[in-house]
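Participant: Could you look at this predicted model? Sequence included:
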Amino acid sequence: MSGYAEPGLVKAYKRERETYDYLRHEKTMELKIPKALRIEHEGLHSELVEATNASGKTGAAAKAVAEVLHAHFVEEEEYALPPLGLLSLLAEGKATPDMENVLTMTDRLKAEHHQMLGERKAIGTALKNLSD
């Protein structure tokens with residue numbers, strides 16, 4: 001088990017992500033995950049942590065979801081979601097040469113897209129088991 005539901009993990013998760021965002025921002029231009037998506041991830045993470053503390057089948061099923069979801073969230077936040085932060089600037093025609101470093105993330109997303117879709121199937125299966 002990845003330790004997903006350990007006490008204080010929500011704080012550790014946020015701190016890990018903030019450190020990653022800081023380091024990434026130092027090297028790139030405005031590759032921040034849109035706020036709505038960040039809030040959604042935080043909310044889902046918090047609810048899942050709460051569910052993993054339940055007893056019996058619910059807790060076990062929630063831990064199974066946590067097992068598959070955590071790594072997927074980390075990957076999404078590492079390279080799949082940050083490019084979305086540039087969409088508003090690009091839509092306004094404000095493309096700049098220093099935005100080209102987003103291509104590293106989009107190339108990785110393209111290369112790992114099939115794997116991420118497989119992860120989403122596993123997440124769906126785990127969520128179905130949780131809801132049963």
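Facilitator: In hand now; what should we look at? Residues are numbered from 1 along each chain as shown.

Participant: Could you check how far Ala122 is from Val74?
Facilitator: 15 Å (Cβ to Cβ, to the nearest Å). (Glycine included, C-beta is placed from N, CA and C.)

Participant: For the strand or helix carrying Ala66, list every residue counted as buried.
Facilitator: Using DSSP states H and E, Ala66 maps to helix 56-75. For helix 56-75, a neighbour-count test (16 or more other Cβ atoms under 10 Å) marks 61-70, 72-73, 75 as buried.

Participant: Check stretch 37-47 too.
Facilitator: Here stretch 37-47 shows Leu37, Arg38, His41, His45 as buried, counting by 16+ other Cβ under 10 Å.

Participant: for the third one, what are its contacts?
Facilitator: When contacts are counted by Cβ atoms under 8 Å, 6 or more residues apart in numbering, His41 is found next to Ile33, Phe73, Glu76, Glu77.

Participant: Measure how buried His114 is and give me the count.
Facilitator: Per other Cβ atoms under 10 Å, the neighbour tally for His114 reads 9.
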